[in-house]
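S.K.: starting from these lines, generate the structure:
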Amino acid sequence: MRHTYRTIIFALTLIGASIIGTSSAFAQKTVITGTVRDAVTKETLPYVSIFFNETRLGTQTDIDGNFRISTNEDHNKLKFNYVGYEVLYKTIVVGQTQKLDILLKSNAQSLNEVTIIAGKKVRYSNRNNPAVELIRQVIENKDKNQPKAYETVQYKEYEKMLFSMSNVSEKFKNRRIFRNYQFLFQEQDSTKIGGKNLLPIYIQEKLTDQYLSFDPTRSKTVVLAEKQVEFDNRFIDNQGMKSYFDRMYQNINIYDNNISVISNEFLSPIANSAPTFYKFFITDTLKNQTPNVIELSFTPRNKGDMLFEGKIYITMDGNYAVQKAAFGVNKNINLNFVRGMEIELDFEKNVDNRYYLSKSNLIADFGISKNKGLGFTGERSVSYDNYKTNVEIPDTVFSGKKIEVLADAAKKTDAFWSQNRLDTLPEQQQKIYSNIDTLQKLPSFRKTIKLVTFVVAGYWDFGPYEVGPTNTFYSFNNVEGFRLRVGGRTTPALSQRFYFENYAAYGFRDEKWKFFLSGTYSINNKSIYKFPQHYVRASFQRDTKLPGAELQFVQEDNFLLSFKRGVNDMLLYNDYYRLDYVREFENRFSYTLGFKKWAQSPAGGLLFTNAANNMDINRIHTTEFSLGLRYAKNEKFYQGKIYRTPIIDRYPIYNLRYTAGVKGFFGGEYNYHNIMGSVDKRFYLSQLGFSDVRVEGGYIAGKVPFPLLTIHRANQTYAYQLNSYNLMNFLEFVSDRYAAINIDHNFNGFFLNKIPLLSKLKLREIVSFKAIYGGLRDENNPEKTTDGTFKMPTFDSGAQRTYSLSKEPYMEGSVGLGNIFKLLRVDLVKRFNYLNNPEVSEWGIRARVKLDF
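M.R.: Model (predicted):
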C-alpha cells in the first residue's frame, strides 16, 4: 500500500469521522444545464462566460459548448457573454432544474471580419492558428519573465492554508450535538467549491523573508512567524500533516514546464511542449488598459490527461508576460477524489515594467463521490510584497541553513499577526484556532477519534500505554501453525525520555513462545517517532523470520500475509540482542551505530548441514558491529502509529551500510565484512508519468555459511511487493556479491485515457522490470569448498532448493493496471529465466492496495 497517502487520508478521516454522520439533505437549488451555439452555423461555442445577472457568480462553457451552473439564491436571469457576439439575457425558473439551448448572434462588426463556413465543423489545428502563435511567443519569452532572470530577488511571503469539511448538509449542521456549537460552521455561496456549508478543521499560517540568487545554490528562507491548529498528538502527527500539505500544495510557477499539484505533475499551459497537448483559443482582447492584454483560453486535447484548462492573460507590450491566470482541471481528468480545483494567479508590474507574482490561490475539493456527499476542501493562498530585484544581498544572508526558523517564530502574538499579514484574515477564519480547541474538548469527539484510531491504525490508547497493532493478533504458517500475539508500547504520556515496547506470541504447532522487549532513551528529549531522531535503544527479540523476506510497511505475522504460494516451510528461529544508536540532523543526513548478538536456528524444512561431515548444526552465533549512513535531501515525513513514512519527492535517497562480524567476541563464530549501498529516486516524465528507480549493490568479504550470505528478497505471498522479486521463492538465491536494479513506471493513464469507453474507467498503466546479478566466490560455495560452509537447502525429494546467480542475472517484469476501483493495483508478472528450478512459476498475478490521487 502507498502508506504515505493512506496515513494522510487516515488523519483527515480521523478528524472528519469524529464529527460526521451520514447525511445528504441539501437546500433546494436552481440548477441550469445546457449548450451554447452560434445562431447561424449551429456550431457549439467554447468558453462562453455565463453569470447570474448582476452577480460575480458564474462559469463558462467547455470545449463542446456545454455548461452547468447552480445556486441556492433567488437569481432569475442568466447573462451570456462571448467576444464577437451580442450579450444575451435569459430568464430562468428559481428553485428548479432546467436545460437550456442557447443561440448567440454575431454582432455586425464581427460579421464583417469573419468568414463563416457552414455545414461542417472546422477541425482544430496548430497551423496558421493565431492563438498557437501567441502561446509560442509566450514560451519563447518566458525565461526573461521569471525571477531567475535577475541577479538577485528578495520579497516577503505570507502563506495561509485552510482545510474544511465540505458539502455539509443542513441536517448534519443542525444535529443536536452541534446545537450550542453553530459557530464552528461557515457559510459561503453555494456555487463555490465546497458547497454552502463548511466546517473548518485546520488552518496554518506562515510569514517568511525569501532571498533568491541567479546562482541556484544560493537561496535562503527565513521563517519569521508560523502557527497552526494543534491536534492531540497521540492521534494526529501535526508536523507530519503540515509537511504533507506543503507537498500537496506547493508554490505554483506557471513558467515551469511542470507544475506540482496534489502530489501530481501537471503540464503547464506555457510549457515548451504545451501546443502538442493543449488547444488554445483567443477569446477576448482587453484594450481598456495599458498595455493591451489578450485573454487566451486553453483546454486539454485529451480530457483525461494530467492537464489544466482555463484562461491566461498575456501582455501585448513585447514581453508576452502572464498578467493573470485562472484555471482548473477538466471534470473527466484521471484524478481520484478531486471534485473540483481552481487556481488563480495575479501578477503586478515591477519598476522595470516586468511582472511578478503578487498573489496565488489554489482551492481543491475532495470526496469519495465526485458529485455529492461530504468531503474535504483545501485552500492555499500566498501573498507577496516588498519585491526587490538586482539588490545586492550580503553573503552572510545565504550562510547557514537554507531554511532558517527564528527562535520565536511559533510564539508571535495576535497583535504581530494583525500588523504583519500581507492579506486579510476574515474574523471567521481567525476563530478556527479557538474553535478547534473547543471541538477537541467534546466528549463525543474524543471518544470517536480514539475508536477510529483503533480501527484504522490498530492501536487502542490507554494513556501511558497503547495495545496493538491489531493486524498481528492472529496469523498462521506451516511451522508455527495457528499463532496468537499481543503487545503494545508506551506513549509520551508516560515519559518523553523513556519508551518501552513489547509483545508475546505463541505458536500452537511448534508450541514455542516468542517475545520482544525494548527500551529506548531519547537523548534530545523528543518523541522517538519524530524528526530529528536522537536516541539509544536496547532490545531483545526471540521470534521467527522468513529467510529472504522483506515485507514493506507490514509485520511478517500480519494475518493477510499468512496466505502464500508454493512450498514455504523454511523458517528461522532468531535470538537478537541489540544495542542501537540513532542520530539524525536537520540537513537530512543521519547515521546509526549498532551492536548485535545474533543466534539463528533452522526450523521446518530448513537445515544447517556441515558440508564437510554432513553433521546437522542446531544453531550458529554471530556478533556484529554496524554503521549506517543515510542522506535524503529535503526529505519530509508523515508519522503514523507504526511507521514514520517518507513523503515521496523528486530527490534521491542514498543509503550505505557496513557490518563487521567479529569471531570470538560474545560467542561470535565468524569474521566477515558486509557492505551494501543503494540509491532510490523518483523521475517525473511529465505526461508520461513517473518512474521509481532503485539501484543497489553489496559485497561480503570473508568465509561464511549461506545463512550469513545475502539472501535475495523474495515474495511468496499474493501481494505485489515493490522491492522484492515477486516470482522468486524464499531462499532461492544467495550471493556474496551482487548488483540490482528495480524500475517501476506508472503512466498515469496516458494511453488508456485516449481509448473510448476504457477512458471512463480511469485506469492507469504500470510496467516494471527487476534484475539482479550476483555470485559466490569458491570459498563460500559448498560445491567448491566444504570447509566452513553449509550445504545448500534441498526439498524433501532431494532436489536443490537454493542457488547462486553465477550464470546470468535473475530477471522478472510485469504489466499492470492501477486505480481499479480507485485503490487496487493488479500486475501480471513474468519470470524470464531460471525456469528449470523446482517449484517455480513463470507467470503470476499479484495485487496490492494503492490509495492514490
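
S.K.: quick one: average pLDDT of stretch 458-472?
M.R.: Averaged over stretch 458-472, pLDDT sits at 87.

S.K.: roughly how far does R630 sit from E584?
M.R.: Taking Cβ to Cβ, to the nearest Å as the measure, R630 falls 9 Å from E584. Every residue, glycine included, has its C-beta placed from N, CA and C.

S.K.: next one: S724
M.R.: Distance of S724 to E584, computed by Cβ to Cβ: 27 Å.

S.K.: parallel or antiparallel, list what pairs with the host helix or strand of Y356.
M.R.: Per DSSP states H and E, Y356 falls inside strand 355-366. If you go by DSSP bridges, strand 355-366 pairs up with strand 338-349 (antiparallel), strand 375-389 (antiparallel).

S.K.: in JSON lines: those, plus mean pLDDT, mean neighbour count and distance to S841.
M.R.: As requested, the strands paired with strand 355-366 are exported to JSON lines (pLDDT from 0 to 100; neighbours: other Cβ atoms under 10 Å; distance: least, Cβ to Cβ, whole Å):
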{"stretch": "strand 338-349", "mean pLDDT": "91", "mean neighbour count": "19", "distance to S841": "39"}
{"stretch": "strand 375-389", "mean pLDDT": "92", "mean neighbour count": "19", "distance to S841": "43"}
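
S.K.: between those, which one is nearest to L805?
M.R.: For these, proximity to L805 was assessed by Cβ to Cβ; strand 338-349 is nearest, at 44.9 Å.

S.K.: centre of the chain versus the closest one, how much separation?
M.R.: Averaged C-alpha coordinates place strand 338-349 at 22 Å from its chain's average position (Cα atoms, centre = their mean, to the nearest Å).

S.K.: and if you look at stretch 828-841?
M.R.: 33 Å.

S.K.: and what of stretch 739-752?
M.R.: Chain-centre distance of stretch 739-752: 16 Å, with Cα atoms, centre = their mean.

S.K.: pLDDT of it, averaged?
M.R.: The average pLDDT within stretch 739-752 is 96.

S.K.: then stretch 55-62?
M.R.: Mean pLDDT, stretch 55-62: 77.

S.K.: and stretch 211-230, by the same measure?
M.R.: For stretch 211-230, the mean pLDDT works out to 90.

S.K.: what's the end-to-end length of it?
M.R.: In stretch 211-230, first residue to last residue: 29 Å (Cα to Cα, to the nearest Å).

S.K.: which parts of that stretch are buried?
M.R.: 211-213, 218, 220-222, 224-229 (16 or more other Cβ atoms under 10 Å).

S.K.: ok, the residues you listed vs D385, which is closest?
M.R.: For the buried residues of stretch 211-230, the nearest to D385 is L224 (12.8 Å; Cβ to Cβ).

S.K.: leaving out the residues flanking it, which one is nearest to that closest one?
M.R.: Distance criterion Cβ to Cβ, 6 or more residues apart in numbering; nearest residue to L224, sequence neighbours excluded, is L207 at 4.7 Å.

S.K.: re earlier: which among the strands paired with strand 355-366 is found nearest to I135?
M.R.: Shortest separation from I135 across those is recorded for strand 338-349, at 16.2 Å, computed as Cβ to Cβ.

S.K.: contact partners for K160?
M.R.: 203-205, 380-382, 423, 425, 429 (Cβ atoms under 8 Å, 6 or more residues apart in numbering).
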